[in-house]
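Q: Show me how the following folds:
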Amino acid sequence: MNIQNLINGCLAVCVTLLILNTFENKDKIIELENALDSSNKMQIESAYRQYVDDFIENDFDAIASHFHPPVNFNTFGSIATTYEEVINQYKDMKANIQEGYAYSIIDEIGIHKMENNQYLVCADYSRYNEKDESLFAGRTHYLFIPTSTGWKMNSLERKERLQNQSCQSSLH
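A: This next block holds a predicted model:
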């Protein structure tokens, strides 16, 4: 066996070990990315549920705290550039909500990761009066972005809520 064959054999073993190590690390990286994605989705869902509670309570300051201006209110064709404008937008929305509105229930939430670490949330909800009678069933898409103070919304748009299409399927 000559020295060249020995060197080639050693190089082949080294390359094989590097490839195996790369695959092991790739699997670990994918596992970590999936864990981070799951954690982000749990935090976003929690933030959304708190937003709904604040909406029901008419706590406009708390509602605004869930947003990161500028906020694109696509449905209304407006952009709120400050927290005060977000508050005013919600005061207008609540002033024009279905007559007799008492509370909302979240029917379904779908969360989908977008580019640049943003998440699109599809929320199906129903609104009820004091007699627990249904007033309205709707769907809204929210864009959540990471901020130094947690996940915040910076865009929302009402969507048509089709009976045979879940939030999970509408995001794909």
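Q: in the protein, which helix or strand is least confident?
A: Using mean pLDDT, DSSP states H and E, helix 167-170 stands out as the lowest-scoring helix or strand of the chain, at a mean of 72.
Q: Contacts for it next, please.
A: Here helix 167-170 makes contact (Cβ atoms under 8 Å, 6 or more residues apart in numbering) with 108-110, 122-124, 139, 159, 162. (Each C-beta comes from the backbone N, C-alpha and C, glycine too.)
Q: now, which of those residues sits nearest residue 52?
A: residue 123 (8.1 Å; Cβ to Cβ).
Q: burial count for residue 73?
A: The number of residues packed near residue 73 is 20, by other Cβ atoms under 10 Å.
Q: Okay, and residue 44 sits in which element?
A: According to DSSP states H and E, residue 44 maps onto helix 3-56.
Q: Determine the next helix or strand in the C-terminal direction from that helix.
A: Taking DSSP H and E, what comes next after helix 3-56 is helix 60-65.
Q: for that following helix, packing partners?
A: helix 3-56, helix 83-95 (3 or more Cβ pairs under 8 Å, 6 or more residues apart in numbering; DSSP states H and E).
Q: and the helix holding residue 44, what's its mean pLDDT?
A: Average pLDDT, helix 3-56: 77.
Q: Same question for stretch 89-102.
A: 94.
Q: Please identify the buried residues of that stretch?
A: Of the residues in stretch 89-102, 89-90 count as buried by neighbour count, 16 or more other Cβ atoms under 10 Å.
Q: Look at it and report the distance between its end residues.
A: End-to-end distance for stretch 89-102, by Cα to Cα, to the nearest Å: 19 Å.
Q: what's next to stretch 144-160, contact-wise?
A: Applying Cβ under 8 Å, 6+ apart, the external contacts of stretch 144-160 come out as 40, 43-44, 47-48, 51, 66-75, 117-122, 138-143, 170.
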